[in-house]
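Visitor: what shape does this take:
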Amino acid sequence: MIQLTLYTTSGCHLCEEAEEMLNFLQGQQVCRWAAIEISEDDRLVDLYGVRIPVIATEEGRELGWPFTLEALNDWLIQPVSG
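Guide: Predicted coordinates for the structure are as follows:
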């Protein structure tokens, strides 16, 4: 199962939408995910502040908003280029 990280911040309605998508995919056994609150780290705010929500794989691939559930699922099944 794919492990994902959601870069997020409280009060972000787009982040809540991304969480719903991730919860759906987790329920379908596609992925597991954990959230990281960016407001607690200045470096993360610099990296993701205007792009959240951002979903990242353990390999470092990132998908920033906007995305749909279909686009997220397609992104997850793309082969990792190396």
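
Visitor: which parts of the helix or strand hosting residue 14 are buried?
Guide: Here residue 14 sits within helix 13-27, counting by DSSP states H and E. Within helix 13-27, the residues scored as buried using 16 or more other C-beta atoms under 10 Å are 15, 17, 18, 19, 21, 22, 25. Where you see a C-beta, it was placed from the backbone N, CA and C, and this is true even at glycine.

Visitor: ditto for stretch 63-73
Guide: In stretch 63-73, counting by 16+ other C-beta under 10 Å, buried: 63, 67, 72, 73.

Visitor: Throw these into a markdown table and include distance to residue 32, thanks.
Guide: As requested, the buried residues of stretch 63-73 are arranged in a markdown table below (distance: C-beta to C-beta, whole Å):
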| residue | distance to residue 32 |
| --- | --- |
| 63 | 16 |
| 67 | 18 |
| 72 | 14 |
| 73 | 15 |
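
Visitor: adding distance to residue 45 and pLDDT, write the residues you listed out as CSV.
Guide: Below are the buried residues of stretch 63-73 laid out as CSV (distance: C-beta to C-beta, whole Å; pLDDT from 0 to 100):
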residue, distance to residue 45, pLDDT
63, 19, 97
67, 21, 97
72, 23, 97
73, 28, 94
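
Visitor: what about those residues, which are in helices?
Guide: Taking DSSP state H, the ones among the buried residues of stretch 63-73 that sit in helices are 72, 73.

Visitor: contacts for the helix holding residue 14?
Guide: Identification of contacts with helix 13-27 by C-beta atoms under 8 Å, 6 or more residues apart in numbering yields 4, 6, 8-9, 31-33, 35, 52-53, 55, 65-67, 69, 72-73, 76.
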